[in-house]
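> Here is a sequence together with a model predicted from it:
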Amino acid sequence: MSYNLLIVEDEPEIIELLRLYLEKEYCVFEANNGEQALLQVNNHKIDLAILDIMMPDMDGFQLIKKIREAYQFPVLFLSARSQDYDKILGLSLGADDYITKPFNPLEIVARVQALLRRVHQFDSTGSIQEEEEQLIAGDLMVDTKSCTVYQHGQPVSLTSTEYKIIALMMAHPGRVLTRRRIYEAVWDDMFAYDDNTIMVHISNLREKIEKDPRHPEYIKTIRGLGYKFETPMEI
């Protein structure tokens, strides 16, 4: 299966470098600014986007907000902005991963492969048994065939990363999952690991499924270890 990738970057040299490494396996579209990117997204079936942040007129943060209004394909930020604040903001707005410049093109290829595997292949980590078509807890239900989460019978809009995290946790109710275990399972990467990345995605999930995200009933923090999924006694 061939996937469509979108590179949004205002530096032609970076687009050329990424295209050199990615077009061997993928169909690569490009855009130099946010407006061009939205046209590409609306005119083509994009499976993954690589976004710069510092662009004229519409920056990457504004662009991902618009993308997330209608699309849930994986987004990877590639930016010279390396502060924790920028990374946390990018992930909070719906990005699945964040890499800073300067970068190794081979790392980009590896991250793209991992993100696409995460979306299109959910049995690689053994986190969800293939015969379990539905995972149910309280008013939540995960349909593992359609990769959709429902609450009170209504679909919840999640990114691919958020879906993988909640499906992993619901497949192991009551079990403490360390942050590293979650990262290895969801990002399919045993070597890269970032506490902030996990924290932001868990926070986003709580905003979407918890009655009171500050006092979560489903996703419990186990201080010093990680997180545990529990079913509330009453919904």
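Right, received. Where do you want to start?
> Can you name the residues in contact with stretch 19-32?
2-10, 12, 15, 18, 37, 39-40, 44, 46, 55, 105-106, 108-109, 112 (CB atoms under 8 Å, 6 or more residues apart in numbering). For glycine as for every other residue, the C-beta is placed from the backbone atoms N, C-alpha and C.
> Quick one: buried ones out of those residues?
Buried members of those, counted by 16 or more other CB atoms under 10 Å: 3-10, 15, 18, 37, 40, 46, 55, 108-109, 112.
> Which ones among these map onto strands?
Where the buried ones among the contacts of stretch 19-32 overlap with strands, as defined by DSSP state E, the overlap consists of 4-8.
> Show me which of those is closest to I222.
Within those, the smallest distance to I222 is 37.2 Å, found for L5 (CB to CB).
> Count the neighbours of the spatially closest residue to that closest one that is not a sequence neighbour for me.
Distances taken as CB to CB, 6 or more residues apart in numbering place Y26 nearest to L5, at 4.7 Å, with adjacent residues excluded. Y26 has 19 neighbouring residues, counting by other CB atoms under 10 Å.
> same thing with Y71?
Using other CB under 10 Å, the number of residues around Y71 comes to 16.
> so P173 touches P232, yeah?
No - in this structure, P173 is not within contact of P232 by CB atoms under 8 Å, at 11.8 Å.
> Give me the phi and psi for V75.
phi -130, psi 130 (degrees, to the nearest 10).
> Offset the numbering so it begins at 33, please.
With the count now opening at 33, the last piece we talked about shows up as V107.
> hang on, it packs against L80?
Yes - using CB under 8 Å, V107 is in contact with L80, at 7.5 Å.
> And those two? Which one has more around it.
In this view V107 and L80 are compared by other CB under 10 Å, and V107 has more residues nearby, 30 against 23.
> For A63, what are phi and psi?
Torsion angles, degrees, to the nearest 10, at A63: phi -150, psi 150.
> T210 now?
Torsion angles, degrees, to the nearest 10, at T210: phi -70, psi 160.
> Please consider this matter closed, and thank you.
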